[in-house]
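[1] Sharing a model that was predicted from the sequence below.
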Amino acid sequence: MDNCIFCKIIKGEIPSAKVYEDDLCYAFKDINPQAPVHVLVVPKKHAANVLELSDEDKMLLGHIQLVIGRLAEELGVSKTGFRVMTNCGKDACQSVAHLHYHLLGGVQMTEKMV
Ligand code: 5GP
Ligand code: ZN
């Protein structure tokens, strides 16, 4: 989608620190990391957030979950633990309108989510 920063990253029009890529998704380091491990996993197909998904996307979403698990192992946080989250809309402070999953780890987090 035009003017979507993550679509541009996926296409290589904006540089990123790539962590993983396959036919369906792309993973890269967050430019402003909130934890020692902070990776964004995004579908290559543009959708603003989970509200724009449909039944057709079930396979894609399952695939992304599996990729996140594998990346957690590769990045060394699978044993210590990690958090996976996606922000959706204003109250969640979603700042980039292309579905993305934050993979956060490498630090002891608090029990609170907000
Ligand atoms: P949100 O707030 O929408 O859940 O998360 C967007 C994330 O994208 C933020 O953590 C922000 O640091 C990251 N981000 C925004 N622009 C860029 C960019 O150009 N490159 C990278 N690597 N991350 C970005
Ligand atoms: Zn996009």
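    On my side now, so go ahead. Ligands and ions are numbered 1, 2, ... in the order given.
[2] and the lengthiest strand in the chain, is it in reach of ligand 2?
    The longest strand of the chain (DSSP state E) is strand 37-43. No - using C-beta under 5 Å from the ion, we find that strand 37-43 stays clear of ligand 2, coming within 7.8 Å at best. Every C-beta, even on glycine, is put in place using the N, C-alpha and C of the backbone.
[3] could you point out which element follows that strand?
    Downstream of strand 37-43, the next assigned helix or strand under DSSP states H and E is helix 58-74.
[4] and that next one, which residues are buried?
    60, 63-64, 67-68, 71-72 (16 or more other C-beta atoms under 10 Å).
[5] Residue numbers of this protein in contact with ligand 2?
    1, 4, 6-7, 46, 98.
[6] Give the PyMOL command for selecting the buried subset of those residues.
    Buried residues among the residues of the chain next to ligand 2 (16+ other C-beta under 10 Å), as a PyMOL selection:
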select buried, resi 6+7+46+98
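[7] quick check, nearest of the residues of the chain next to ligand 2 to residue 19?
    residue 6 (14.1 Å; C-beta to C-beta).
[8] Which of the helices or strands spans that closest one?
    helix 5-11.
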